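In: Sequence first, then the predicted structure, then my questions.
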Amino acid sequence: MSKYVVALDQGTTSTRCMLFNKRGETAASHQLEHRQICPQSGWVEHDPLEIWRRVEEVIRGAMGKAGVAARDLAAIGVANQRETTLVWNRNTGEPYCNAIVWQDTRTDLICAQLAERGGQDRFRQKTGLPLATYFSAPKIRWMLDAIPGLRRDAETGEALFGTMDSWLIWKLTGGPSPAAAHVTDVTNASRTMLMNLKTLQWDNELLAAFDIPRAMLPAIRPSSDSAFHGLTRADGPFGGEAPICGVLGDQQAATVGQVCFDVGEAKNTYGAGCFMLLNTGVEVVQSKHGLITTVCYQFGGNPPVYALEGSVAIAGALVQWLRDRMQLIDSAADVERLASLVPDNGGLYFVPAFSGLFAPYWRSEARGLIIGLTSFIDRGHFARAALEAAAFQTREVADAMASDSGVPVTALKVDGGMTANDLLMQIQADVLGAPVTRPKVSESTALGAAYAAGLAVGYWSGIEDLRRNWSVDRTWRPSVDDTLRVKNYTMWKKAVSRTFDWIE
């Protein structure tokens with residue numbers, strides 16, 4: 001029996017490789033950050049080749065720590081930042097340009113032009129998504145229009161599009177050799193704005209509207225697939241052949257890792273952004289309150305399971321911005337220490353609309369705002385306001401979910417790197433007025449990718465095995481009265497309204 005399932009979690013700010021045993025426990029882990037490239041206002045890019053080098057390093061690092069080889073692996077699962085878009089050459093393996101990150105807003109004009117006919121919800125019935133810079137299709141269109149020769153290569157299939165899962169699987173399975181697999185899964189495909197939610201196939205009407213050649217697109221597969229998404233090459237970082245048979249967008253992976261398999265179960269992930277998903281079962285449920293509809297997962301030949309999602313662009317990325325761009329802190333951990341020095345935000349509110357506002361507003365013209373400054377404010381208040389921004393944005397998404405579903409959020413499962421911040425978790429419970437629970441394995445994204453891969457090969461026999469692995473680490477309960485909760489939230493909503501219509 002193989003010892004472990006491996007998860008490769010390629011996120012917005014870092015990449016990690018984790019090995020899990022049958023109990024869902026971490027056997028080894030290795031993680032490295034990569035650069036955030038901002039060549040001009042509103043543009044956010046990643047270097048795909050730098051990310052590939054980090055992938056090689058973290059795989060070798062985790063495998064080395066565990067003292068295992070490819071023969072010890074039952075399967076490999078991949079989770080990835082979802083809408084980040086790249087195009088590379090099939091024959092050379094070279095990207096045509098840097099990847100355009102999901103936070104990037106350069107496609108605002110393309111989205112506005114497409115919305116002139118049918119409005120922002122023009123494609124929502126088919127895709128579950130509003131027209132927004134967030135998704136992949138307008139990014140592909142921008143590349144096709146801006147890069148000389150790319151459209152010609154795309155039409156012949158020489159240029160390949162992919163989100164990060166497709167890029168990494170292609171590289172791991174031998175790219176640029178002919179044996180390399182050019183694939184994605186239904187969850188990632190559902191975030192491109194090119195897949196029909198019901199057929200789970202690339203849609204001709206959508207391809208024509210965005211003027212994107214079908215030849216450049218990957219094949220769409222289930223999230224957990226015993227037929228494999230490909231075998232790793234013998235001379236690659238795993239050092240031998242192993243099946244890649246689990247692929248999920250990072251937030252869907254976290255939903256699986258949190259074992260939210262029943263209709264009505266929800267989780268919230270605190271990473272670079274903040275993402276709450278509510279399992280809605282096998283029916284496509286369209287939101288009327290600013291959420292999006294997405295594929296949650298598909299295991300093998302079973303029907304797909306769908307979710308409502310509230311996507312917040314900036315959460316942990318705000319802490320990284322305070323560290324790297326503003327140099328107000330030396331490490332991400334400093335933000336909790338500083339915020340703990342003050343009892344409240346001192347009247348300061350920080351709305352991090354760096355890429356506009358996502359759910360529930362979808363206002364691409366909004367921009368970030370700091371309001372409530374007085375001579376009383378110090379670094380502690382800045383840190384506290386940064387943490388509260390993630391909590392308030394989560395509250396807005398929870399309210400939208402309650403409006404769509406008719407059921408208020410009475411408890412919240414949480415995961416992701418920011419959940420290590422105990423103060424943030426207490427703030428979140430206070431803002432929501434509901435308990436917040438962190439599982440023992442807080443890196444649910446990687447765990448969910450491992451679960452999808454392990455289910456495909458029988459390493460775990462079914463979802464009941466996975467449910468047995470889930471256990472509570474800590475629960476935070478509200479500690480403020482309703483009057484203060486309402487006052488603080490009202491002030492937050494007032495601050496958000498001031499960000500609207502900043503860009504003409």
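Out: Everything's here; your move.
In: Show me what counts as buried in stretch 222-240.
Out: Neighbour-count burial for stretch 222-240 flags 222-225, 228-233, 236-239 (criterion: 16 or more other Cβ atoms under 10 Å). (Glycine included, C-beta is placed from N, CA and C.)
In: Narrow the residues you listed to those in helices?
Out: Using DSSP state H, no member of these falls in helices.
In: Same list, these, but as TSV with distance to V186 and pLDDT please.
Out: Below are these laid out as TSV (distance: Cβ to Cβ, whole Å; pLDDT from 0 to 100):
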residue	distance to V186	pLDDT
P222	6	96
S223	6	97
S224	10	96
D225	10	92
F228	16	76
H229	12	76
G230	17	80
L231	21	88
T232	22	91
R233	25	89
G236	26	90
P237	27	93
F238	25	92
G239	30	91
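In: okay, those residues in JSON lines with distance to C17 next?
Out: Below are the buried residues of stretch 222-240 laid out as JSON lines (distance: Cβ to Cβ, whole Å):
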{"residue": "P222", "distance to C17": "23"}
{"residue": "S223", "distance to C17": "19"}
{"residue": "S224", "distance to C17": "19"}
{"residue": "D225", "distance to C17": "20"}
{"residue": "F228", "distance to C17": "19"}
{"residue": "H229", "distance to C17": "17"}
{"residue": "G230", "distance to C17": "17"}
{"residue": "L231", "distance to C17": "18"}
{"residue": "T232", "distance to C17": "13"}
{"residue": "R233", "distance to C17": "17"}
{"residue": "G236", "distance to C17": "13"}
{"residue": "P237", "distance to C17": "9"}
{"residue": "F238", "distance to C17": "10"}
{"residue": "G239", "distance to C17": "13"}
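In: So which of those residues are in strands?
Out: Judged by DSSP state E, strands contain the following of those: 230-231.
In: ok, the buried residues of stretch 222-240 vs V431, which is closest?
Out: Closest approach to V431 among the buried residues of stretch 222-240 (Cβ to Cβ): S223, at 32.1 Å.
In: Contacts only, for the closest one.
Out: Counting by Cβ atoms under 8 Å, 6 or more residues apart in numbering, S223 touches 185-187, 246-248, 252, 256, 297-299, 452.
In: between those, which is nearest D378?
Out: Q252 (40.2 Å).
In: Show me how to select, in PyMOL, the buried members of the contacts of S223.
Out: Here is the PyMOL command that selects the buried residues among these (16+ other Cβ under 10 Å):
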select buried, resi 185+186+187+246+247+248+252+256+297+298+299+452
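In: Helices of the stretch 201-350 of the chain, start to end?
Out: With DSSP state H, counting those that start in this stretch as the criterion, the stretch 201-350 of the chain has helices at 204-210, 250-257, 316-324, 334-339.
In: contact partners of the last one?
Out: The one in question is helix 334-339. Applying Cβ under 8 Å, 6+ apart, the contact partners of helix 334-339 are 319, 322-323, 329, 379-380, 382-384, 386-387, 421-424.
In: number of nearby residues for P48?
Out: Neighbourhood size, P48 [other Cβ atoms under 10 Å]: 25.
In: lowest-pLDDT helix or strand in this structure?
Out: strand 230-231 (a mean of 84; mean pLDDT, DSSP states H and E).
In: And it, what does it pack against?
Out: Using 3 or more Cβ pairs under 8 Å, 6 or more residues apart in numbering; DSSP states H and E, the elements in contact with strand 230-231 are strand 243-249.
In: Just want the angle from the strand it packs on to helix 250-257.
Out: Strand 243-249 and helix 250-257 are oriented at 110 degrees to each other (axes from the mean of the first three to the mean of the last three Cα atoms, to 10 degrees).
In: What ranges does the stretch 1-150 of the chain have for its strands?
Out: With strands called from DSSP state E, counting those that start in this stretch, the stretch 1-150 of the chain shows them at 4-10, 14-20, 26-33, 45-46, 73-80, 86-89, 99-100.
In: And stretch 12-22, what's buried?
Out: Neighbour count says stretch 12-22 has 12-20 buried, by 16+ other Cβ under 10 Å.
In: how about the CA coordinates for that stretch, as PDB?
Out: Only the C-alpha atoms of stretch 12-22 are listed here, as PDB (Å, rounded to 0.1, in the frame of the first residue of the first chain):
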ATOM      1  CA  THR A  12      -1.600  33.600  -5.200                       C
ATOM      2  CA  THR A  13       1.400  34.500  -3.000                       C
ATOM      3  CA  SER A  14       3.100  31.100  -2.500                       C
ATOM      4  CA  THR A  15       3.300  27.400  -3.500                       C
ATOM      5  CA  ARG A  16       3.400  24.500  -1.100                       C
ATOM      6  CA  CYS A  17       3.700  20.800  -1.400                       C
ATOM      7  CA  MET A  18       2.100  18.700   1.400                       C
ATOM      8  CA  LEU A  19       2.100  14.900   2.000                       C
ATOM      9  CA  PHE A  20      -1.000  13.500   3.800                       C
ATOM     10  CA  ASN A  21      -1.600  10.100   5.400                       C
ATOM     11  CA  LYS A  22      -4.900   8.200   5.600                       C
END
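In: same question for that stretch, mean pLDDT?
Out: Per-residue pLDDT over stretch 12-22 has a mean of 95.
In: L484 looks like it's in a helix, true?
Out: Yes. Applying DSSP: H, G, I helix; E, B strand; the rest coil, one finds L484 inside a helix.
In: how deep is it tucked in, by neighbour count?
Out: Residues near L484, counting by other Cβ under 10 Å: 11.
In: Right, I'll call it a day here.
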